[in-house]
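**Student:** Just the structure for this:
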Amino acid sequence: MTEFLIGSAIAAGATGVGALPALIFRKGTHRFRDVLLAFCAGVMMAASAFELIPQALLLSDFIMVALGLMAGVCTLTLLERTIPHHHLEHNLYGIKVDKKAMLIVAAISLHNLPEGLSVGVSYGSDIEGLGPLIAVAIGLQNMPEGFLVALFLIQQRVRLWFAFSIALLTGLVEFFASIVGYFLTNLVIGIVPFGLAFAAGSMLYIVYKELIPESHGDGHALSATYSFVLGLIGMLCLTTWF
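**Tutor:** Have a look, this model is predicted:
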């Protein structure tokens, strides 16, 4: 039990660790923001196409994966339409969060739910050494995600402490999901493939609907294209190696 809690905490906390370097990026040009959007799109595309969807297909069938993808897309569509198109203001602290930032945070959080369940199920299974292996692999993949969440929020002129806190909270979602997966291993195993496909659908929606159009709308399409490919390659390396 202690090993499980430590492994889950490390995997989830890696999101906050990855967010730390982003705190030094306080300013950026419009080109930099477009490049960042495209890089984030590449990371999300790779996570969906090379990690979430293949894993969901291994654990289930096409119908389950297709239903999960469409559920993710529909959920993000509903979420986008309920979030105001202007800045969301927190009156107490004067915090402003752009709609795209909220959608990215939501997509990363949804992505972390099935990953957390996977960590818990791995520790709860009878396969020796599987739990620590999955926890380390997912933790390494969480670091660039935490970096992107924090950096994107900072570029939206969100306060540093708030950006870091949000990135850390997206990882905390994974920790609680791993606890659920650990104690309900037999039940959760059947839910994991749908959750993986659901997360992939939500990410693909963000990539195609928000990130790519935004990164190509101000004359920086070439830089954004290269950034997208680099983000995809970087995430592909992580999913392949770990």
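**Student:** Excluding sequence neighbours, find me the nearest residue to the residue nearest the centre of the chain.
**Tutor:** With the centre of the chain defined as its mean C-alpha position, the nearest residue by CA atoms, centre = their mean is Ile108, 2.6 Å away. Nearest residue to Ile108 in three dimensions, chain neighbours excluded: Thr170, at 4.9 Å (CB to CB, 6 or more residues apart in numbering). Placement of C-beta: from N, CA and C, glycine included.
**Student:** Could you pull out the buried residues of the helix or strand hosting the one you found?
**Tutor:** Here Thr170, judged by DSSP states H and E, is contained in helix 160-183. Across helix 160-183, burial judged by 16 or more other CB atoms under 10 Å covers 160, 162-168, 170-175, 177-182.
**Student:** Convert that helix to PDB, retaining C-alpha atoms only.
**Tutor:** What follows is helix 160-183, C-alpha atoms only, in PDB (Å, rounded to 0.1, in the frame of the first residue of the first chain):
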ATOM      1  CA  LEU A 160       2.700  32.700 -11.700                       C
ATOM      2  CA  TRP A 161       1.400  31.100  -8.500                       C
ATOM      3  CA  PHE A 162      -2.000  30.500 -10.000                       C
ATOM      4  CA  ALA A 163      -0.600  29.000 -13.200                       C
ATOM      5  CA  PHE A 164       1.600  26.600 -11.100                       C
ATOM      6  CA  SER A 165      -1.300  25.700  -8.800                       C
ATOM      7  CA  ILE A 166      -3.500  24.800 -11.800                       C
ATOM      8  CA  ALA A 167      -0.800  22.700 -13.300                       C
ATOM      9  CA  LEU A 168      -0.300  20.900 -10.000                       C
ATOM     10  CA  LEU A 169      -4.100  20.400  -9.600                       C
ATOM     11  CA  THR A 170      -4.300  18.600 -13.000                       C
ATOM     12  CA  GLY A 171      -1.800  16.100 -11.600                       C
ATOM     13  CA  LEU A 172      -3.700  15.800  -8.400                       C
ATOM     14  CA  VAL A 173      -6.700  14.600 -10.400                       C
ATOM     15  CA  GLU A 174      -4.500  11.700 -11.500                       C
ATOM     16  CA  PHE A 175      -3.600  10.800  -7.900                       C
ATOM     17  CA  PHE A 176      -7.200  10.400  -6.700                       C
ATOM     18  CA  ALA A 177      -8.000   8.500  -9.900                       C
ATOM     19  CA  SER A 178      -5.200   6.100  -9.100                       C
ATOM     20  CA  ILE A 179      -6.600   5.400  -5.600                       C
ATOM     21  CA  VAL A 180     -10.000   4.600  -7.200                       C
ATOM     22  CA  GLY A 181      -8.300   2.300  -9.700                       C
ATOM     23  CA  TYR A 182      -6.400   0.500  -6.900                       C
ATOM     24  CA  PHE A 183      -9.400  -0.300  -4.800                       C
END
